[in-house]
Every structure is written in structure tokens, then in C-alpha cells.
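J.: predicted model follows, preceded by the sequence.
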Amino acid sequence: MDNQEYYEIDLLLINKECAVAVEVKSSLSVEDVKEHLECLDKIKKVAPRRIDLSNISLFGAVAGMIIEGGADRYAYQKGLFVLRQKGNIVEIANDDKFQPKIWKTDY
């Protein structure tokens, strides 16, 4: 390898003030959440080639049709938005007490 750090984002929603990096799984596990948290830490350190995230508040989210083994609670505790399927729509499962974590870029 060329000693560069790589990461993959399933969905990146962005405007002038904030961005949300979403990990999407058909079946979401705690391990998936941990991997997404590692990805978010890489994003804040390694600038994307095509998108400038400097001066942007970066949030994280996970989405799953099936939530395994408390993955939703773990993600919530780590400051991630939790998206889940409800019929034909997707809802944000976080309650009003939720405090999202903000990843600020280091570049």
C-alpha cells in the first residue's frame, strides 16, 4: 500500500454548515457501529479528495433494517443518530435527550 488511510462512506449528506456520514446496513450490529466510529475518526484527520469538510460540523449516523444486539443503544451512547425503517419510511430513532457527537476536522 502507499501508507494512505482509506475509508468508505455509504451516504454523505452535506450543506454549508454541517454534514452527516451514514453507515447503512441491512442488519446493523455493534461491530458495524464500532467500524463506523473508526471511519469518522479517519474522516476528521484525512481530507476527502473531492469534498472540503473544513469548517463543517460532521455528525455520524447508522441505519439498519434489522438492529442486532443493542446496536442502536450503543450508537446512541456514542453520539450517533440512529435511523431505522418504519413501514415505507425511515425514521430517526433518537429521543429529545440525545446529544450528537460532533467530529471537527483537523485539516
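T.: Yep, that arrived.
J.: which residues touch the helix or strand where Asp41 lies?
T.: Using DSSP states H and E, Asp41 maps to helix 30-45. Contacts to helix 30-45, defined as C-beta atoms under 8 Å, 6 or more residues apart in numbering, come from residues 5-9, 21, 23, 25, 53, 58, 60, 62, 64, 68-71, 74-75, 78, 80, 103-107. Any C-beta I mention is one placed from the backbone N, CA and C, and that applies to glycine too.
J.: which ones among those map onto helices?
T.: 71, 74-75 (DSSP state H).
J.: which one (most neighbours) among these?
T.: Ala75 (29 neighbours; other C-beta atoms under 10 Å).
J.: next, the contact list for Ile102, please.
T.: 57-59.
J.: same thing but 6 Å
T.: Ser57 (C-beta atoms under 6 Å, 6 or more residues apart in numbering).
J.: and the pLDDT at it?
T.: Ile102 is assigned a pLDDT of 96 by the prediction.
J.: what's it sitting at in phi/psi?
T.: phi -110, psi 130 (degrees, to the nearest 10).
J.: now the residue most central in space within the chain: how far from Gly87?
T.: Nearest residue to the geometric centre of the chain (C-alpha atoms, centre = their mean): Gly60, 2.8 Å. Applying C-beta to C-beta, to the nearest Å, the value for Gly60 to Gly87 is 25 Å.
J.: same question for Asp72.
T.: On the measure of C-beta to C-beta, Asp72 and Gly87 end up 18 Å apart.
J.: also Val20?
T.: For Val20 relative to Gly87 (C-beta to C-beta), the value is 22 Å.
J.: Asp72 and Gly87: which has the busier surroundings?
T.: Set Asp72 next to Gly87 and count neighbours by other C-beta under 10 Å: Asp72 wins out with 21 against 6.
J.: that one against Leu83, yeah?
T.: No: counting by C-beta atoms under 6 Å, Leu83 is not a contact partner of Asp72; they are 9.7 Å apart.
J.: which residues touch the residue nearest to Leu80 when sequence neighbours are not counted?
T.: Excluding the flanking residues, the one nearest Leu80 by C-beta to C-beta, 6 or more residues apart in numbering is Gly60, at 4.5 Å. Gly60 makes contact with 21, 40, 80, according to C-beta under 6 Å, 6+ apart.
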